[in-house]
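J.: here you go, sequence then predicted model.
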Amino acid sequence: MQSISNYEFQVLNFLVRNFSTRYTVRQISLKLKASPAGIHKGLKKLEEDDILKSEKLGTGLFYYINLDNQIAKHLAAIVLLMDGPEATVVKKLEGIKEARAVIVNKNNLLVVTHSPLRTPSEFSTTTLSEHELAERLKQRDKKILEFLEHGKLIFGENTIIAAIKEGMFRF
């Protein structure tokens, strides 16, 4: 793998944040408002580089990120860290660095930790252990999926990627 195009990065971003659903080239192109040909080209390159895997079910070819590949894990971490939260939000959350991971979505926090933490009162907080997070992802919990799809990761990308891998849709 030499470089990654904007199309490929958009596809990775989409597939990482929407890991719980199967998508075809056409569905991805509709969601990203991009040409199916461009999306297909990007998907094929990422598949050749073993970043993505595909699975044929009936007449559909469905794509998902290959979290067994170390490069794919690193790219997933970059995707999750992109467009991070504003500095004011990060400043408010400095006191909870002992957590394993934190995602903010509007005024809601998802905190992955093994012990209770004090969080700023302006946030509604959901606190889960790593195991609970993976279980809720397996169950396709809408609230947790909303955090991953629209939230901004503060820190703990490896913890979140491990939970995604454990909770990922298996064909």
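T.: Done, it's in.

J.: who touches the helix or strand of the chain with the lowest mean pLDDT?
T.: Taking mean pLDDT, DSSP states H and E as the measure, the helix or strand of the chain with the lowest value is helix 87-92, at a mean of 71. Residues from elsewhere that reach helix 87-92 (C-beta atoms under 8 Å, 6 or more residues apart in numbering): Gly84, Val104, Pro120, Glu122, Phe123, Lys152, Ile154. The way it works is simple: take the backbone N, C-alpha and C, and place the C-beta from them, glycine included.

J.: over to stretch 64-71?
T.: By C-beta under 8 Å, 6+ apart, the surrounding residues in contact with stretch 64-71 are 1, 12, 15-16, 19, 22, 49-55, 72-73, 76, 161, 164-165, 168-169, 171.

J.: restricted to strands, list the residues you listed.
T.: Among the contacts of stretch 64-71, the residues falling in strands (DSSP state E) are Leu52, Lys53, Ser54, Glu55.

J.: next structured bit after the least confident helix or strand of the chain?
T.: strand 101-105 (DSSP states H and E).

J.: that next one pairs with which strands, parallel or anti?
T.: Strand pairing for strand 101-105, using DSSP bridges, gives strand 108-112 (antiparallel), strand 152-155 (antiparallel).

J.: stretch 83-103: end-to-end distance?
T.: 12 Å (C-alpha to C-alpha, to the nearest Å).

J.: restricting to C-alpha, output stretch 52-64 in PDB.
T.: Presented in PDB, the C-alpha positions along stretch 52-64 are these (Å, rounded to 0.1, in the frame of the first residue of the first chain):
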ATOM      1  CA  LEU A  52     -11.000  -4.700   3.400                       C
ATOM      2  CA  LYS A  53     -12.600  -8.100   2.900                       C
ATOM      3  CA  SER A  54     -15.600  -8.900   0.900                       C
ATOM      4  CA  GLU A  55     -18.200 -11.600   1.200                       C
ATOM      5  CA  LYS A  56     -20.600 -12.700  -1.500                       C
ATOM      6  CA  LEU A  57     -24.100 -13.400  -0.200                       C
ATOM      7  CA  GLY A  58     -26.700 -14.200  -2.900                       C
ATOM      8  CA  THR A  59     -26.200 -11.700  -5.700                       C
ATOM      9  CA  GLY A  60     -24.600  -9.100  -3.400                       C
ATOM     10  CA  LEU A  61     -20.900  -8.500  -2.600                       C
ATOM     11  CA  PHE A  62     -20.600  -7.000   0.800                       C
ATOM     12  CA  TYR A  63     -17.500  -5.200   2.200                       C
ATOM     13  CA  TYR A  64     -16.100  -4.800   5.700                       C
END
